[in-house]
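Asks: Pasting a predicted model and its sequence here:
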Amino acid sequence: METLIGLLVAAPLLGAAVLLIGGRRLDRSGHLLGTLLALVSFAFAVVLFADMLGKSADHRTLTSTLFTWVPVESFQAQVGFQLDQLSMTFVLLITGVGSLIHIYSIGYMEHDENRRKFFGFLNLFLAAMLLLVLADNYFLLYAGWEGVGLASYLLIGFWQHKPSAATAAKKAFLVNRVGDIGLSVAIMLMFTTFGSFTFADVLPAAAKAGSAQHATITGIGFMLLLAACGKSAQVPLQSWLGDAMEGPTPVSALIHAATMVTAGVYLITRSGAIFNAAPDAQVAVVTVGAVTLLFGAIVGCAKDDIKKALAGSTMSQIGYMIMAAGLGPIGYVFAIMHLVTHGFFKAGLFLGAGSVMHGMNDEVDMRRYGGLRKFMPITFVTFGLGYLAIIGFPGLSGFFSKDKIIEAAFAKGGTEGWILGGCAMLGAAITAFYMTRVMLMTFFGEKRWVPDAEGHEPHPHESPSVMTIPMIILAFGSVFAGGLFSLNSRFVHWLEPVTGYSEGDSPVSTGAVTAGTLVLLVVGVGIAWLMYGRRPVPAVAPRGSLLTRAARRDLLQDDFNHVVLVRGGEHLTRSLVYLDHSLVDGVVNGTAASVGGLSGRLRKLQNGYVRSYAVSMLGGTAVVVAATLLMRAV
Amino acid sequence: MADSSFPILTVTAALPAAGAIVTAAVPAARKAAARYTALAFSLGTLVLSLITLFRFDPQGARYQFTETHTWVKSFGLHYDLGVDGIGAVMVALTALLIPFVMLAGWHDADPLEDVTGPNRRWRPTQGFFALILAVEAMVVLSFEATDVFLFYIFFEAMLIPMYFLIGGFGDRAHAGGEEEASRQRSYAAVKFLLYNLAGGLIMLAAVIGLYAATAKQLGTGTFALQDILNARASGKLDLATSTERWLFLGFFFAFAVKAPLWPLHTWLPNAMGESTAPVAVLITAVVDKVGTFAMLRFCLQLFPEASKWATPVIMVLAVISVLYGALLAVGQRDIKRLIAYASVSHFGFIILGIFAMTSQGQSGATLYMVNHGISTAALMLVAGFLISRRGSRLIADFGGVQKVAPVLAGTFLIGGLATLSLPGLAPFVSEFLVLVGAFSRYPALGIIATLGIVLAALYVLVLYQRTMTGPVKAGVAGMSDLKARELVVVTPLIALLLFLGVYPKPVADIVNPSVQHTLSDVHKTDPKPALEAKK
Amino acid sequence: MNPANYLYLAALLFTIGAAGVLIRRNAIVVFMCVELMLNACNLAFVTFSRMHGNLDGQVIAFFTMVVAAAEVVVGLAIIVSIFRSRHSASVDDANLMKL
Amino acid sequence: MMTALSTLASSPAVQLAATTSRTSTGEAVQFWVLATIAVLGALGTVLMKKSVHSALSLAGTMIVLAVFYLAQGAYFLGIVQIVVYTGAIMMLFLFVVMLVGITAADSLKETLKGQRWMAAGCGIGFGILLIAGIGNASLDTFAGAGQANSGGNVQGLARLVFTNYVWAFEITGALLITAAVGAMVLTHRERTEERRTQRELSEARVRDGLQVTPLPPPGTYARHNAVDIPALLPDGSTSDLSVSSTLRDRGQIRDVSTDAMRRLAALDQSAAEWLGRKGLKAEDVTGAGEIATSASDRAEEGAK
């Protein structure tokens, strides 16, 4: 069994290697190979899952160490895997959704001459992501962490001939790198504090660390949070996610909705022991989560680009997860649960959006859609189910997972609990609003599309089955997953051994929370219907309120970055380049010049006349004699 | 330890030297013959160095394959050779890179059809390859020398062939045309020479000072590293604090110029910018390594106390180098100058690791020397291919290359990713080790240095985006993809990057014991974790 | 009288010879002054040998003479050849040492 | 010569030289007298304008030194000094001086700026240093050359030269041979071009428009055939070509073209006094032309 873990990672890695090195000769078969290997990996995952279910709750953790990666004295980094319930959940999600999206991409990327490369990158991503969630130490996790960053860079910039895509890819990688600083510093802190960075060593040690190490552990917590912010697009490092939509839609679905962006949640949940020992860090985490869930939601309301709207929603949903994870043992389980359900419905939504674009000549502006439900019914249904799931329609996945998080937020207790709970519920309302907006603008109302630049009138049509089938499967997931998990709280028991779980005592009853949420849900949907359902949607965006305009510009966060970081950085480098030339180099050259002048003056002594040389010789001799005499004298 | 009957180290160094003579002797008309002769000799050297590496016993004596002959008895001058783990690895690295440098520069020295008049025959192939072999011989010897003066001789002597390689075979892809190019070339060459000579002279003073000190205290002066170390260990030689510090500074200055450390780095961008890509690789990947290597072998071993005394300042300078080099790389308009400044940043990391005085730091620094050599070689050589195709070094002249030459773009990206130390590629391991080492002694500096990884990502990705992505620029259209010879150059380097990135253990195992020796020389031990949690 | 006076005399002669070398421009005269210096040295040697009561000083003086003879021969030959080529025996004309 | 030396060795001068701590008054007197001469000679060497004089004064100094050698019991050296130095080397110098001749270098005027002062400064300073050095060396007692020379000075030297210093001696021999060869190589001039034949020379003369015929011989007056009297050309003027260039340079050409007329004028003078009529005045007579005119008007006077 242990070897299977290695194979789990190896299969997609092999695919990536073959596809990327193989070259053009694989163009015809490449996508099939990639998909096949993804499915193989999924099969391994299922086998391991079955095997794990066969064991008792406490003996489900599998570990396998392949070889020593970096051996330097006390710094011993192993390439070792650890498969417990938490990892298993992720593995299933990644390989499952991953395989589906591979299949979907076969259709979606059919006309792209670099499809082989695309599948190579997708496989690379799968491998890196699996490495991330299977690693048994932070160092190897870091490798996977950067690996997914690379894959996301390659896939966002897949259409490199588009400058916007190249820029977005670069931006994503850079922002992620900022987060990576957090992770690497955290690892250094662990190494210097505990002399190790494996989960098995660090987490227990952190749990029973005395007050002496309290500051250090808090520091580690903050650093891990920074890392999570970078990878999971949380405030203040969220700016890259919107631009990341430049990538092909399957990528957005897989990487920037279902899996990679949730790595931050995984990191925090995995490091639960550390955060439990560092309350201050937890406060920071929940704050970040709460702020982001509102931030993302608000941004999502204003975007007319369907993918960007969905990106905002992703941000906000992950905000929920991060917040839940920040709540400690009461929240971990639900964070992961929401992560899984979100993986289903958000992937479904993105695939739906992709299918819509596929039918609309890659048009992304929702104001150019409208009334599409008649043209692409399957997409409409699957998208609709995803929509119901995400707004938390009773009985669907989102309902169960999100409600739990809101309850947990209240259960945090005290004013903090109230604030968080309030934010969560408000977020639910806004979610309902913007998702309804997306739904209405896309599928309802009358058609608003116009010929594009080349004058091609788009002919909306349903996508091929190779694309619709994955959407249908995901739709099933987004309908039933939540219920399945919450049935006599199966998911809680499943994860409890790893993450721990504690019933928080909520100041408000479960029923009240649910009721309140539903009310807000209705309110949100209602407002959206009033604004976009009842009266026709203008084909060009109205100027909108100040908030709207700010939200369209990602709440001015990019402008801030641009002014402060980009401009400032440019000026800094310019001035440094100038200084390096004029000052650092100048000083040296100056000295050189002065020495040259001196030597020029000295050269006058060398007039070439034997006799003046003779004089200096005699003078020298005289000096030597004098010196010797003095030496004898003293 | 291997049998010392066969003087393998001498042969390893003598082979390229002989090669240089033979190559130079090939008649002028037989250019191909000259190329293949040189290549053959460099490959032979590679084989020898690998034999050394594999027969090196990490658990054995500190210095192995030692050879000791008295050279000038009256001056205590010895012909002492010997390699510790670090030396063996560095020799192997040098011998490894030279063949690639030669293959990459296969036609760099051909007479230029488009140039007429005096410049028509200014780059004889024979001379080019002979000079490269000469450099190799001297570098190898300075890695092997365990006699301070012997080391000094080759440390200085390698400047001469380098001077001619930079000044005589420079890059002609210059905005200002041939005249401007040759002017810049000679400026760069002279600058290179002056900087390094200045450093070397100061070092010479220190070397003589050391000799005088030994002569005074031991009766008979000596340059032999081993004798000096033994004398220090037995207490017979006991340098006064101030003396030791002055001598240390003398040595360190020379090495800091060679390895360029801020603010002594300004010769490097000129030298690398104006010389052809292979020569630039020779500078940064081979010759400069002697500087950092010598810090490990001579500064730390000979002057442990002074090293510790100077450590804080040097660490700060190193961190400045890291950030400063990276920031300037971001600001460059010229591909090769950008890579040069990136190297400045990387050398900052190496020095950071050396003076962190921890196992992680120093092993990391040594690995870093190797990895940086390979990664920079990969990046710079591909950049060279790119530049030779376009005939320009300006980033602005490129764009959309990945469309017309995907393989070239891909290899370039991999080289770049290695430079920004992506996990899975070799430099990551070393960079992280260096950072851990620095962090465990000076947390603040460690964190500041970590910012370097963001800047590295910035300049690499900006470079890639501007040159490779976007719409295809006019001059780039119709650019040919990598040819077979170029693939032969790039592929092994990339393979090596991947291998060492995933499995650096073999190298690390050879290096670690030597690092432990060095640490014990400076009487330093790794800081203990506050809360040992290892099971 | 103290034989040290011989030494003083030698010193004096040597100095005069040196000054001559510096002042005169005629290569031949310069040579003569060199000879004068050599002879001064010889005198010193002989005096030393007398002081120490052994003959080594004289042997050295003897060698000095031989060397002086050789030097004069070569030197004068050089002067002659230079004179042939540039019709002058002035040491200042031969300022070829200048770069 | 050996015998002479051995007799010298047994002469009272030796005992005199062998006495310790202080020398005899005789030697003192000899020293002071000869030292003065030596110094004067040295100064002469440096200051004499002509190199010949320098050489001679140097020779004088050397002879004095030779005497000093003898006085200090270095008989062999003394003789060698005279024979080799004063005899051979100085003669070599004189030969070269003769060969090179007088050059501008002989002038004592300094051409290099500040050279003289520097030289004087360095020289004097150096001398003072040397003398000071000798001064503060303790040289009161000294063992004379007595027992060193017992068994003969030459034999003693020979023993040393052929035992302790044999290696140096051989080397010196090699040096001498090298020097000799070197001198020959330096002074030997290779004939680079073919010697030019009579024909070529004459052709060259014609080509360059020089005098083709042989030069006129000097002294072509009936009464004079001295080398310093130029030949007379048909028009009565003299040809300097007929006088050797050396005399020409020295300006030692004797012009006899006018004194014939002067003598004629004197004759007229006496005739006039005798006949009592005014005639030519000697000072009127300057050249042949006037002679012609005066002859003509005398002729017309004769016609009256």
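Replies: Nice, I can see it.

Asks: Report the distance from stretch A:237-252 to the chain centre.
Replies: Averaging C-alpha positions (Cα atoms, centre = their mean, to the nearest Å) puts stretch A:237-252 10 Å from its chain's average.

Asks: does chain B sit close to that stretch?
Replies: No - using Cβ under 8 Å from any Cβ of the partner chain, stretch A:237-252 stays clear of chain B, coming no nearer than 11.8 Å. Using the backbone N, CA and C atoms, a C-beta is placed for each residue, glycine as well.

Asks: now the end-to-end length of that stretch.
Replies: 18 Å (Cα to Cα, to the nearest Å).

Asks: swap in stretch D:76-95?
Replies: Note: stretch D:76-95 ends 26 Å apart using Cα to Cα.

Asks: residues in contact with that stretch?
Replies: Outside stretch D:76-95, the residues within contact range by Cβ atoms under 8 Å, 6 or more residues apart in numbering or on different chains are C:28, C:31-32, C:35, C:39, C:42, C:46, C:58, C:61-62, C:65, C:68-69, C:72-73, C:76, D:1, D:5, D:52, D:55, D:58-59, D:62-63, D:65-70, D:153-154, D:157.

Asks: cutoff 7 Å now
Replies: Residues outside stretch D:76-95 that contact it (Cβ atoms under 7 Å, 6 or more residues apart in numbering or on different chains): C:28, C:32, C:46, C:58, C:61-62, C:65, C:69, C:72, C:76, D:1, D:5, D:52, D:55, D:58-59, D:62-63, D:65-66, D:69-70, D:153-154, D:157.

Asks: how about it: buried residues?
Replies: Across stretch D:76-95, burial judged by 16 or more other Cβ atoms under 10 Å in any protein chain shown covers D:76-82, D:84-86, D:89-90, D:92-94.

Asks: same question, stretch A:308-323
Replies: Those would be A:308-323, for stretch A:308-323 by 16+ other Cβ under 10 Å.

Asks: does chain D sit close to the lowest-mean-pLDDT helix or strand in chain C?
Replies: Ranking every helix and strand in chain C by mean pLDDT, DSSP states H and E puts helix C:56-86 at the bottom, with a mean of 88. Yes - contact between helix C:56-86 and chain D, assessed by Cβ under 7 Å from any Cβ of the partner chain, occurs at C:56, C:58-59, C:61-63, C:65-67, C:69-70, C:72-74, C:76-81, C:83.

Asks: Going by neighbour count, which residues of stretch D:239-250 are buried?
Replies: For stretch D:239-250, by 16+ other Cβ under 10 Å, it's D:242-243, D:247.

Asks: so how far is that stretch off the chain centroid?
Replies: 24 Å.

Asks: Okay, now that stretch: how far is its last residue from its first?
Replies: Termini of stretch D:239-250 sit 16 Å apart (Cα to Cα).

Asks: now the stretch 1-150 of chain D, which segments are flagged as low pLDDT?
Replies: Scanning the stretch 1-150 of chain D with the threshold set as pLDDT under 70 gives D:1-22, D:102-108, D:138, D:140-141, D:145.

Asks: Flag every residue of it that's near chain A.
Replies: D:112, D:115, D:118-119, D:122-123, D:125-126, D:129-130, D:132-133.

Asks: what helices or strands is the host helix or strand of B:A40 leaning on?
Replies: For B:A40, the element it lies in under DSSP states H and E is helix B:31-55. If you count contacts as 3 or more Cβ pairs under 7 Å, 6 or more residues apart in numbering or on different chains; DSSP states H and E, helix B:31-55 packs onto helix B:8-25, helix B:85-104, helix B:125-144.

Asks: Report the mean per-residue pLDDT for the second one.
Replies: Per-residue confidence for helix B:85-104 averages out to 92 on the pLDDT scale.

Asks: just the strands in the stretch 101-250 of chain A please.
Replies: Read by DSSP state E, counting those that start in this stretch, the stretch 101-250 of chain A holds no strands at all.

Asks: hang on, isn't B:V257 packed against B:P263?
Replies: No - between B:V257 and B:P263 there is no contact under Cβ atoms under 7 Å: 10.5 Å.

Asks: Those two: who's more crowded?
Replies: Ranked by neighbour count (other Cβ atoms under 10 Å in any protein chain shown), B:V257 and B:P263 place B:V257 first, with 23 against 17.

Asks: OK, contacts around that one?
Replies: Here B:V257 is in contact with B:195-196, B:198-199, B:264 (criterion: Cβ under 7 Å, 6+ apart).

Asks: that older thread, show the buried residues in the contacts of stretch D:76-95.
Replies: C:28, C:32, C:46, C:58, C:61-62, C:65, C:69, C:72, C:76, D:5, D:52, D:55, D:58-59, D:62-63, D:65-66, D:69-70, D:153-154, D:157.

Asks: any idea how far stretch A:557-571 is from the chain center?
Replies: 22 Å.

Asks: what do you get for stretch A:552-560?
Replies: Worked out by Cα atoms, centre = their mean, stretch A:552-560 lies 19 Å from the chain centre.

Asks: how far does it stretch from start to finish?
Replies: OK, stretch A:552-560 end separation, Cα to Cα: 14 Å.

Asks: For it, buried residues please.
Replies: A:552, A:554-555, A:557-558.

Asks: can you check stretch A:126-136 too?
Replies: For stretch A:126-136, by 16+ other Cβ under 10 Å, it's A:126-136.

Asks: how about these in TSV, adding pLDDT and distance to D:I177?
Replies: Listed next are these as TSV, based on pLDDT from 0 to 100; distance: Cβ to Cβ, whole Å:
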residue	pLDDT	distance to D:I177
A:L126	93	92
A:A127	93	88
A:A128	94	87
A:M129	93	92
A:L130	93	92
A:L131	93	87
A:L132	93	90
A:V133	93	94
A:L134	93	92
A:A135	92	88
A:D136	91	89
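
Asks: Now, those residues that are in helices?
Replies: Secondary structure assignment by DSSP state H places A:126-134 of the buried residues of stretch A:126-136 in helices.

Asks: quick check, nearest of those residues to chain C?
Replies: A:A128 (67.0 Å; Cβ to the nearest Cβ).

Asks: quick one: contacts for that closest one?
Replies: Counting by Cβ under 7 Å, 6+ apart, A:A128 has contacts A:144, A:147-148, A:151.

Asks: and residue 493, what helix or strand is that in?
Replies: Chain wasn't specified; assuming chain A. A:H493 belongs to helix A:490-499, assigned by DSSP H and E.

Asks: oops, chain B please
Replies: helix B:484-502.

Asks: now do D:L215
Replies: Using DSSP H and E, no helix or strand contains D:L215.
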